[in-house]
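Chemist: Let me see the structure of the following:
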Amino acid sequence: MLPYQNSDLPIKDRVTDLLNRMTLKEKVGQVNQNLYGWQCYHFDSVTKTVQLDQKLLDHIEWGAGLGAIYGLFRADPWSQVDFASGVAASDAWRVSNAVQHAVIEQSRLGIPALIVEECPHGHQGLDGISYPTNIGRGNSFDTELMRKTTRLMAQELALKGVNMALVSTLDLAKDPRWGRTEECFGEDPILSAKMSEAVVTGFQGNLIQDGISFVDQTVHEINRQPGNIGVVLKHCIAQGEAQGGHNSGAVVLGEREFTEIYQPLLRATRNAIGVMAAYNDVNGVPCHINRHLFTQLLRQQEGFQGLVMADGTALDRLADVFDDQEAAAGAALSAGVDLSLWDTVYTEIEAGITLDKVTEADLDQAVAHVLSIKFLLGLFEHPYVVDPNSRLEHVLEASQRLNEQVATESITLVKNDQLLPLTDQSQTIAVIGPSANEYYNLLGDYTAPQTITMQEHTLVNELKAALPQATIKWSVGCEIRNSKRQMESIRQAVAVAKNADVIVLVLGGSSTRNFDMSFLQNGAVSSREVNMDSGENVDVADLALGGQQLQLLSAINALHKPTIGVMIQGRPYDIRPVLAMADAVLIGWFPGQMGGTALSKLIAGKANPSGKLSVSYPRCSQQLPVYYYQRAVTKQDNYYDELGTPLFEFGTGLSYTDFIYSDITAERTNEGIKATVLITNAGGVTGSTPILLFVKLHGGRVVPRKQMLRDFKRVTLTAGSSQRVIFNLLFADVALINQDMESELAERIEIRLGSETITFHL
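Modeler: As a prediction, the model looks like this:
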């Protein structure tokens, strides 16, 4: 047995031994993730056999092994994989094993590959669970539910033979014109940081722990549990700050803003197995060559121990900066990017070393990070998985049960003139709108094809199930964005709604892709599909509802019927016309596979709304930005022609009951400040609500922010009951960056919980 094969040795010793045995060719192979995985095999669903494609075998030979392979099971219009051409979840393990066997057998040193899958809101593979997109999940303010669901995601992927999941958590929704707003938990860094930490714990368990160097441990000491896999958090960093809301756009960000807003997100990655670099630059420096970001801030300051992965084809985009790929490779390796994704730049590393544009020391460092993760995950001891049999089915069933809870907590009620919940079970209800009976519109971007059975879970069908005594009629009314030949559809919708007692009007946007669209090399949409107005590379200048939706709204409003507005969307749209004409409005976001079920139960009163907006909801695009933690400078907030305040403040959300905040207290402790507030359910039904704690910090000779979220908790109270909620803030939570860019405790602290505020002096 060679030292690197000895599981009783610390990981760093095994890495050192293995690295010293590797040729330059083998090292280059370990930092390349060049292939589109779904193109690397053919699966026969009848004989259950896997035939590996020659391009995979050739690439393994080229690199004398394989660092990682992305997307063996990715299914969507970009990959052109559907149920006819893809592999069922129950057979995925066969493909993983076949690929892993080929890699190990053709690697001189028997080094296994990392098998990587996309999982932004659930696995983007056939039969995978598709949760609400992050912008909705952020409205839940429920980190424990996030941990539970990502634990099930990890189990699902582990049973398929997947080692690492790519999960969006680090972007902030600062400009809703950006098409990837749906991938953000919201605009707030603390919310996103806490959700990121929950994702890491859910996927990884205790694989990497604070203050412990995992490379100093043996795999036995780490004791990876079944179902724990690695998670790569993306994108690092500040992608949501791009000017004009342009995808992959330029970011101009001062040191103070970066430190206060993005440092908490960097800190949240410290125990993740990986992070993915962002496409954008920060002040002209592309993230993929930002050594200060990845080496000094991420590794040295925050103690990050994992690997840094490039985003898809992002290294090739360094042609904006470098005249040749060898120089680009050298800069990225030096900055700390350990693993490529689909680019050709890292295939030129060996040539770069010959030309003295890449140092082998930088390459060795990257290879060491990749190998460390492979040892950490136990791939050298257990590279293969066994037939999951019924275990996968049980995991998927458990996931779907929690999925409904996630969807329910994600949906936010912003208006209710005593129309909701519907109490008359025998009414005639007209469900109108482009997303009323279109299942894919509920799911968001990065979603796999759905079975015929799943496609039946539309809002129309789920309302029939939730209100069995009601008469449910529906009409599409109009399309999302197409403005041509819509008047006949509007007339048909009016005819359907004319005799209804109540109208449910389902408006908004869509990230739905179809198999006729064209895509860039990284999977982003390149052709403009008329009804896809959200998602990656689909940015808008105007937040107004598209197509003929406003005409449909006006025609329905002319009937003077009680109307419930339901917004299915991946970004905030200008919903002032909807608020003016509807008696109740639910923001459904993209609520996922169980979204129709959750919405119908909320409308029927079988569930109580509890979501709170994780963004400051704008009135229109002309007043942007409106995120809530801007500086409290003395200025005229309103424009000559528009209000400056958001339509709804961050944290807005109604319920079918009333929560009263009272008796707020604050006292100093050895660690910081203990704040408490009494919450009372003053209504007539049980309800849950997130409790958000904000601070305003004065001092340091800097203009304070209007407020900043520092903590949150969810409580559930029966009618008439009360609970004292306790928050323990650390001194770090009430520190600010002073005039000299140093951290110091605030001189005066305003703590807000609900409508209650208390001022505290340390």
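Chemist: What pLDDT does the model give residue 527?
Modeler: The model reports residue 527 with a pLDDT of 67.
Chemist: err, residue 741, not the other one
Modeler: If you check residue 741, the pLDDT there is 93.
Chemist: What residue spans form the domains of this structure?
Modeler: 21-391, 411-618, 659-760 (automatic domain parsing).
Chemist: Next up, the contacts around the residue most central in space within the chain.
Modeler: The residue at the geometric middle of the chain, judged as the C-alpha nearest the mean C-alpha position with Cα atoms, centre = their mean, is residue 168 (3.6 Å). Applying Cβ atoms under 8 Å, 6 or more residues apart in numbering, one finds that residue 168 lies in contact with 120-121, 134, 183-184, 234-235. C-beta coordinates here come from the backbone N, C-alpha and C atoms, glycine included.
Chemist: now, among these, which is nearest to residue 657?
Modeler: Proximity to residue 657 was ranked across the contacts of residue 168 by Cβ to Cβ; first place goes to residue 134, at 27.1 Å.
Chemist: Can you read off the pLDDT for the closest residue to the closest one other than its chain neighbours?
Modeler: Closest residue to residue 134 in three dimensions, ignoring its sequence neighbours and counting by Cβ to Cβ, 6 or more residues apart in numbering: residue 185, at 4.9 Å. At residue 185, the model reports a pLDDT of 98.
Chemist: what's the answer for residue 41, then?
Modeler: Residue 41 is assigned 95 on the pLDDT scale.
Chemist: Can you name the residues bridging to it?
Modeler: Applying DSSP bridges to residue 41 gives these bridge partners: residue 52.
Chemist: Quick check: it vs residue 101, distance?
Modeler: When Cβ to Cβ, to the nearest Å is applied, the distance between residue 41 and residue 101 equals 12 Å.
Chemist: for residue 655, same thing?
Modeler: The value you get for residue 655 to residue 101, if Cβ to Cβ is used, is 54 Å.
Chemist: Between those two, point out the one with more neighbours.
Modeler: Of the pair residue 655 and residue 101, residue 655 is the one with more neighbours under other Cβ atoms under 10 Å, namely 19 against 15.
Chemist: show me what contacts that one?
Modeler: Residue 655 makes contacts with 413, 608-610, 683, 687, 689, as judged by Cβ under 8 Å, 6+ apart.
Chemist: now swap in residue 302 and tell me
Modeler: Residue 302 is in contact with 266-267, 269-270, counting by Cβ under 8 Å, 6+ apart.
Chemist: Tell me the spacing between it and residue 293.
Modeler: In this view, residue 302 and residue 293 are 11 Å apart by Cβ to Cβ.
Chemist: coming back round to it: what about the contacts of residue 168, which one has the most neighbours?
Modeler: Ranking those using other Cβ under 10 Å puts residue 134 first, with 31 neighbours.
Chemist: State the distance from it to residue 122.
Modeler: Here the distance between residue 134 and residue 122 works out to 11 Å (Cβ to Cβ).
Chemist: Next, give phi and psi for residue 569.
Modeler: When quoted as degrees, to the nearest 10, the phi and psi of residue 569 stand at phi -160, psi 150.
Chemist: how many neighbours does the nearest residue to it once chain neighbours are set aside have?
Modeler: For residue 569, the nearest residue in space outside its immediate sequence neighbours is residue 508; the separation is 3.8 Å by Cβ to Cβ, 6+ apart. Residues contacting residue 508 under the criterion other Cβ under 10 Å number 28.
Chemist: Enumerate every residue touching residue 508.
Modeler: When the contact criterion is Cβ under 8 Å, 6+ apart, the partners of residue 508 are 435, 441, 480, 545, 566-569, 573, 588.
Chemist: who's it bridged to?
Modeler: Beta-bridge pairing for residue 508 (DSSP bridges): residue 568.
Chemist: That one and residue 42: what is the separation?
Modeler: 39 Å.
Chemist: Residue 641: what secondary structure?
Modeler: Here residue 641 takes the coil state, with states given by DSSP: H, G, I helix; E, B strand; the rest coil.
Chemist: start at 40 instead
Modeler: That works, and once the first residue is 40, the last one we named lands at residue 680.
Chemist: so how many other residues sit close to it?
Modeler: Residue 680 - counted by other Cβ under 10 Å - has 7 other residues nearby.
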